[in-house]
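Enquirer: pasted the sequence and its predicted model underneath.
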Amino acid sequence: GRTVPGGPRSAGPVAAVEGLVVRRGRVEVLRRVDLSVPPGEIVALMGRNGAGKSTLLSSLVGLVAPATGSVRVDGVEPHRTAPRELVRHAGLVPQEPRDLLYADTVAAECTAADRDAGAAPGTCRSLLSGLLPGITGRIHPRDLSEGQRLALALAVVLTARPPLLLLDEPTRGLDYAAKARLVRLLRTLATAQGHAVILATHDVELAAELADRVVILADGDIVAD
């Protein structure tokens, strides 16, 4: 498999979810979900609002703990792994990319990403240039367009080269050209670099064009895979 910081990847699944139950109060938001995603596969996670898509993504980055069942990502249990360590295993680009961005300039955002990931200085910046040529480092992230903010959030997450990349509704607010760039990028990350990619989306065209596999959630259950 692909070599990532921390040694060679095993041939097993990057994400392995077994019998996952997540409760919010007394409600089961996810009910005995099973999902296994190997390296290099792109999975579109679909279903109406409230079906459990975001909760499943949150479970894979340790923001939500299982009530029962298990979640393993790249050999670790996300909810028992320190965030600083987890960035090397799984990265989530949230529905609002600005939720990931804290610094006052693009340059500062990239410097922080390099530091947090233990990556060589300039790593985030070169990823960003590949996604979005010509963006100036002095600009404030809030002055970027939706597409530019998504590119910056992606570069920040990819700096740590996590084997599992998660995106929550990544094409909201993107124009056609930005969407086409995202499709090319995700395909390259999966096929050339072996990342497993899970994207929660309502965008049927995106799923048809990009996904190797579609998983449909309804009321916390996987109803089709």
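Expert: Noted; the coordinates are in hand.

Enquirer: measure the closest residue to residue 78 other than its chain neighbours to residue 46 for me?
Expert: Distances taken as C-beta to C-beta, 6 or more residues apart in numbering place residue 62 nearest to residue 78, at 3.3 Å, with adjacent residues excluded. C-beta: built from backbone N, CA, C; applies to glycine. Distance, residue 62 to residue 46, using C-beta to C-beta, to the nearest Å: 23 Å.

Enquirer: wait, a helix at residue 148?
Expert: Yes. Note on residue 148: a helix contains this position according to DSSP: H, G, I helix; E, B strand; the rest coil.

Enquirer: report pLDDT for the residue sitting furthest away from the middle of the chain.
Expert: Distance from the C-alpha centroid of the chain peaks at residue 26, with 28.0 Å (C-alpha atoms, centre = their mean). Looking at residue 26, its pLDDT is 91.

Enquirer: next one: the one 3 residues further on
Expert: Residue 29 is assigned 96 on the pLDDT scale.

Enquirer: which helix or strand contains it?
Expert: strand 27-37 (DSSP states H and E).

Enquirer: what sits up against that strand?
Expert: 13-23, 43, 52, 55-56, 59, 67, 69, 164, 196, 198, 215, 217, 219-222, 225 (C-beta atoms under 8 Å, 6 or more residues apart in numbering).

Enquirer: residue contacts, the residue minimising distance to the centre of the chain?
Expert: Geometric centre of the chain, nearest residue: residue 166, 1.8 Å, by C-alpha atoms, centre = their mean. By C-beta under 8 Å, 6+ apart, the contact list for residue 166 reads 57, 60-61, 90-93, 197-200.

Enquirer: list just the nearest of those to residue 173.
Expert: Within those, proximity to residue 173 (C-beta to C-beta) peaks at residue 93, which comes in at 13.1 Å.

Enquirer: please name the bridge partners of that closest one.
Expert: Applying DSSP bridges to residue 93 gives these bridge partners: residue 167.

Enquirer: sounds good, over and out.
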